[in-house]
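K.L.:
A predicted structure for the sequence below; I have some questions about it.
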Amino acid sequence: MSTGAAGHPPDGGARDAAADVGPVESVHTADALAALLRQLRRRAARRDGGAQLTYRQLAARTGWAHGVIGDYFAGKTLPPTDRFDTLVQLLGATGRELRLLATARDRVEETRRSRTAAHGRAGPPGTDNAGCPPAVPRQLPADIPELSGRGGELEALDALRPLPRGSGPLVVALDGPGGVGKSALVVHAAHRLAERYPDGQLYADLRGSRHDEHPVPPAVVLRRFLCALGAPRPTPGSEADAAAAYRTRLTERRVLIVLDNALDAAQVRPLLPAAHGCAVLVTSRGVLATLNGAAHLHLTPLPPPASVEVLGLWAGPGRLTAEPGAADAIAHHCGHLPLALRIAGARLAARPRWPVRELADRLADPARRLAELSFADLDMRAALEVGHRELLARGATGRTAALALPLLAAGQGELTVARAAATTGAAPSATEVILEQLVDVQFLESPAPGRYRFHPLTRLFALRPAGRSTAERNTLTCPSS
C-alpha cells in the first residue's frame with residue numbers, strides 16, 4: 001500500500017481531511033486556510049505525543065523567518081505554492097491531503113485575484129496602459145542566500161509587519177559607513193518580508209552613495225513606480241502631482257518599498273506612501289534623522305568570526321581551511337567590512353593557486369592596502385570616496401573638514417575636540433564643527449560626546465584622499481566659530 005509524503009497511508013482521503021483538518025472544499029480565504037494549518041499542527045502534536053512545533057522550530061527546519069511563518073498560521077500572508085507544500089508535509093499531511101490542500105490554497109489565491117480585479121486597479125477605459133508591467137510589481141534584486149553576522153539586525157527587521165489603520169506606513173532607515181553591507185542586508189531582509197506585502201515590492205537605487213553617478217531625482221523614481229503599479233500614461237507632470245498619484249495608487253495596498261543608497265531625507269520624502277499597509281526600507285550613508293516617523297538601524301562592521309565566514313563564502317568552499325591564521329589576518333586588514341571581505345574573497349577565487357597567505361601579506365602593508373582591495377567593478381577606495389565628495393559639496397565647512405582629514409588621520413587612537421584642535425590649529429568650537437561634519441558622512445564615529453575615532457580603512461583613505469590638489473594639501477581654512 002502506498003504512503004503519503006509524511007509516511008501516513010492516504011486511506012480515507014477526503015473523509016480523513018474533513019475529519020482532521022476541517023472541510024477543505026469550503027476554504028476560500030487566507031484565514032480559513034490558516035485554520036487548516038493550525039489544525040494540522042495540533043494533529044501532528046497528538047500523533048507524535050508531544051508539544052506543537054513552534055514557529056522557531058519550523059523556521060530552523062525550513063530556513064524561513066519565524067515571523068513570516070507566524071503570518072502563515074495567522075492568515076495574514078498566503079504562502080507561495082512551494083512553501084505551502086513544504087509546510088503541510090512537515091505537519092504530516094497525507095498524500096491525498098496534500099492534493100486537497102494544494103487545491104484549497106490555489107482557490108484562495110484565485111479568489112484574492114478576482115477580488116483585486118473587481119476593485120478596478122487597472123486604468124479607466126480609454127487610457128493608455130501600453131508598456132507598463134503588471135500592477136503587482138516584483139522589483140527586488142536577486143537575494144544573497146547567506147548573510148553572516150547580521151542575525152540581530154535580521155531579527156529586528158523580521159519583526160516588521162503592516163501597521164494598523166490610521167498609523168501610517170512603517171519606515172525603517174538603515175545607515176552605516178561605505179562598505180558595511182547596507183544594500184545586501186536590506187535586499188536580503190526585503191526578500192524575507194516580501195510575502196507579508198502581497199501587492200508587490202518596489203525597488204529603486206537612488207544612487208546617493210555612488211561615486212560615479214548623480215543622485216536620481218524623486219520625480220524620475222515616481223514615474224517608474226507609477227508605471228510598475230499600473231498607472232495610466234502619461235504620468236502627472238510635476239513631482240508633487242506624481243507623488244499624489246503614487247500615494248493614491250498605494251491606498252489599501254500592502255506594498256514593500258526599498259529605497260537603496262539615498263543621499264538625504266529630502267530625496268526620500270516624496271517617495272514615502274501614506275498607506276498604513278505599506279512599509280519602506282531605506283539605506284543611506286548618513287543617518288536620516290529628519291525623516292518623519294522612521295525607525296533607525298545603525299550598521300557597524302561584522303564580528304571577526306562572521307568576517308571569516310563572509311571571506312570564505314566569496315573565496316570558495318574549503319579555500320581557507322588550510323590557512324586559518326592567514327584568513328584571520330585578511331579579515332582584520334579588511335576592517336571586518338563586508339565589501340572589503342567580498343573583494344578579498346573574489347581575488348582569492350580568481351587566483352585559485354595563490355596561497356591565502358600571499359593576499360594576507362599584501363594587505364599587511366598599509367601603504368598599499370586600499371589599492372589591493374580592488375577587483376573588477378568593486379573598489380573599496382571608490383566606496384569611501386563618496387563621503388569625501390559629499391564633504392566637498394557641503395560648502396565652506398565641508399571643504400574645511402575634507403582638508404582636515406589627513407591631519408586628523410595622521411595620529412593614532414581616539415580623538416577629542418582638544419586633541420583635534422591642537423592638530424589642526426583651529427579653535428575648539430571650529431574644530432567640533434569639523435569633527436561633526438566628518439561624523440555625518442561616516443568618516444568618523446562618535447562613541448560618546450566629544451570623542452571620535454576612525455575606522456582603520458577610513459583612516460588609510462583619509463591620509464590619501466583621492467583628488468586632493470597640492471594647494472588643498474597645503475591650505476586649511478577653518479570656519480568661523
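P.N.:
Sure thing, it's come through.
K.L.:
Report the contact partners of G345.
P.N.:
Taking CB atoms under 8 Å, 6 or more residues apart in numbering, we find G345 in contact with V310, L311, G312, L313, W314, A315, G316. Heads up, the C-betas are built off the backbone N, CA and C, glycines and all.
K.L.:
typed the wrong thing, it's S26
P.N.:
So, once contact is read as CB under 8 Å, 6+ apart, S26 ends up touching A32.
K.L.:
ok so, going back, now render the contacts of G345 as TSV, adding distance to G50.
P.N.:
Below are these laid out as TSV (distance: CB to CB, whole Å):
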residue	distance to G50
V310	38
L311	41
G312	37
L313	36
W314	41
A315	42
G316	41
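K.L.:
in what helix or strand does the residue minimising distance to the centre of the chain lie?
P.N.:
For the chain, the residue nearest the mean C-alpha position is V186 (0.1 Å; CA atoms, centre = their mean). Using DSSP states H and E, V186 maps to helix 182-193.
K.L.:
Which neighbouring elements make contact with that helix?
P.N.:
helix 151-158, strand 170-175, strand 201-205, strand 256-262, strand 279-284 (3 or more CB pairs under 8 Å, 6 or more residues apart in numbering; DSSP states H and E).
K.L.:
Put together TSV for the ones you listed, with distance to F73 and mean pLDDT on each row.
P.N.:
Conversion of the helices and strands packed on helix 182-193 to TSV gives the following (distance: least, CB to CB, whole Å; pLDDT from 0 to 100):
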stretch	distance to F73	mean pLDDT
helix 151-158	15	89
strand 170-175	21	94
strand 201-205	22	96
strand 256-262	21	96
strand 279-284	21	96
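K.L.:
contacting residues for L87?
P.N.:
With CB under 8 Å, 6+ apart, L87 has these contacts: L37, L58, T62, I69, Y72, P79.
K.L.:
Please give me every residue in contact with the second one.
P.N.:
Counting by CB under 8 Å, 6+ apart, L58 touches W64, H66, I69, L87, L90.
K.L.:
Which stretches in the stretch 301-450 of the chain count as strands?
P.N.:
Assigned by DSSP state E, counting those that start in this stretch, the stretch 301-450 of the chain shows strands spanning 374-375, 378-379, 415-416, 445-448.
K.L.:
which element follows the last one toward the C-terminus?
P.N.:
To tie it back to what came earlier, the one meant is strand 445-448. strand 451-453.
K.L.:
May I have the strands that pair with that next one, each with its orientation?
P.N.:
Its sheet considered, strand 451-453 pairs with strand 415-416 (antiparallel), strand 445-448 (antiparallel) by DSSP bridges.
K.L.:
Which of those strands has the highest mean neighbour count?
P.N.:
The highest mean neighbour count among the strands paired with strand 451-453, using mean count of other CB atoms under 10 Å, belongs to strand 415-416: a mean of 18.
K.L.:
starting at the chain centroid, how far to that strand?
P.N.:
Its chain's average C-alpha position is 33 Å from that of strand 415-416, according to CA atoms, centre = their mean, to the nearest Å.
K.L.:
again, but for stretch 242-261
P.N.:
With CA atoms, centre = their mean, you get 18 Å for stretch 242-261.
K.L.:
would you put the C-alpha positions of that stretch in CSV?
P.N.:
Extracted in CSV, the C-alpha atoms of stretch 242-261 (Å, rounded to 0.1, in the frame of the first residue of the first chain):
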residue,chain,number,x,y,z
ALA,A,242,3.2,62.4,-9.3
ALA,A,243,3.7,61.9,-5.6
ALA,A,244,-0.1,62.4,-5.0
ALA,A,245,-0.9,59.9,-7.7
TYR,A,246,1.6,57.4,-6.2
ARG,A,247,0.1,57.7,-2.8
THR,A,248,-3.4,57.2,-4.3
ARG,A,249,-2.2,54.1,-6.1
LEU,A,250,-0.9,52.6,-2.8
THR,A,251,-4.2,53.2,-0.9
GLU,A,252,-5.5,50.0,0.7
ARG,A,253,-2.5,48.1,-0.7
ARG,A,254,0.2,46.2,1.1
VAL,A,255,3.4,47.1,-0.8
LEU,A,256,7.1,46.9,0.4
ILE,A,257,9.2,49.7,-0.9
VAL,A,258,13.1,49.6,-0.9
LEU,A,259,14.9,52.8,-1.4
ASP,A,260,18.6,52.0,-1.7
ASN,A,261,21.6,54.4,-1.4
